[in-house]
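Engineer: here are the coordinates; sequence isn't available:
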């Protein structure tokens with residue numbers, strides 16, 4: 001019984017317009033975001049290498065016999081970009097670009113967000129932002145009429161007139177919609193990771209692959225939570241229009 005209801009729910013979502021919107025979001029947004037962030041990471045690596053060379057040249061040109069001015073930086077500790085910034089920027093752009101040692105103490109380089117405060121306010125367009133904002137809203141869009149829509153058109157009364165437990169009915173709504181949602185998401189993510197590997201991203205390294213896998217698992221659980229929230233909200237509303245207005 002549960003399997004039949006899940007198949008019915010899957011066909012209902014596949015034939016809807018929002019499934020087309022989901023496909024467009026997945027095929028364009030996820031690979032494009034990973035591609036752009038890798039280009040940014042590669043440029044940051046080039047800038048880091050040039051800054052290290054320049055710092056080494058400055059250190060070798062300092063004459064230890066001459067008195068140093070208090071503001072002259074004797075040595076620098078430059079922040080190295082991390083490969084995982086391709087998926088999630090985190091606080092990397094908010095940290096100082098370097099730490100310099102002077103006679104008066106430690107100096108700090110300006111962070112990247114100093115030149116673009118809007119990115120600090122709104123967030124970075126990375127995989128973490130896409131999952132946390134875009135796909136969570138899409139999950140609510142998929143479930144806003146899961147129960148309220150059937151109640152509005154009258155099919156819910158016909159379905160529950162049979163010997164069907166309500167928990168089985170709700171599980172079919174949740175599992176069917178979730179499967180339709182995560183399959184395009186995982187396919188687009190796999191395509192994006194293949195693009196990264198093709199560009200030279202070290203995905204297979206022991207320090208990177210487990211973290212990427214953990215991020216994917218957490219993302220799937222995060223989306224599942226929003227599916228559950230949307231389904232629960234839909235059970236307490238009388239019409240799909242009211243549920244849509246509440247989600248918005």
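Structural biologist: Arrived safely. Predicted, not measured: the structure shown is a model, and the values here were computed from it. Residues are numbered from 1 along each chain as shown.

Engineer: Residue 187 reaches residue 26, doesn't it?
Structural biologist: Yes - with contact defined as C-beta atoms under 8 Å, residue 187 reaches residue 26; the gap is 7.2 Å. Yep, even glycine has a C-beta here, placed from its N, CA and C like the rest.

Engineer: quick one, which of the two is more surrounded?
Structural biologist: In this view residue 187 and residue 26 are compared by other C-beta atoms under 10 Å, and residue 26 has more residues nearby, 25 against 14.

Engineer: list the helices and strands whatever helix or strand the more buried one lives in packs on?
Structural biologist: For residue 26, the enclosing helix or strand under DSSP states H and E is helix 17-61. In this structure, helix 17-61 makes packing contacts with strand 75-78, helix 127-129, helix 136-143, helix 166-199, judged by 3 or more C-beta pairs under 8 Å, 6 or more residues apart in numbering; DSSP states H and E.

Engineer: elements contacting the longest one?
Structural biologist: So that's helix 166-199. Taking 3+ C-beta pairs under 8 Å, 6+ apart as contact, the helices and strands that helix 166-199 lies on are helix 2-14, helix 17-61, helix 136-143, helix 155-160, helix 209-235.

Engineer: 7 Å - rerun?
Structural biologist: If contacts are counted by 3 or more C-beta pairs under 7 Å, 6 or more residues apart in numbering; DSSP states H and E, helix 166-199 sits against helix 2-14, helix 17-61, helix 136-143, helix 209-235.

Engineer: The first one now?
Structural biologist: Strand 75-78 makes packing contacts with helix 17-61, strand 98-102 when contacts are defined by 3+ C-beta pairs under 7 Å, 6+ apart.

Engineer: And that strand, what's buried?
Structural biologist: Taking 16 or more other C-beta atoms under 10 Å as the neighbour-count basis, strand 75-78 is seen to contain the buried residues 76, 78.

Engineer: Which of the helices and strands packed on strand 75-78 sits closest to residue 223?
Structural biologist: Nearest to residue 223, of all the helices and strands packed on strand 75-78, is helix 17-61, at 11.5 Å by C-beta to C-beta.

Engineer: so how far is the closest one off the chain centroid?
Structural biologist: Here the centre of helix 17-61 is set off from its chain's centre by 15 Å, with C-alpha atoms, centre = their mean, to the nearest Å.

Engineer: hang on, the earlier thing: can you check which of the helices and strands packed on helix 166-199 gets nearest to residue 128?
Structural biologist: Between residue 128 and these, the shortest separation by C-beta to C-beta is 7.7 Å, and it involves helix 209-235.
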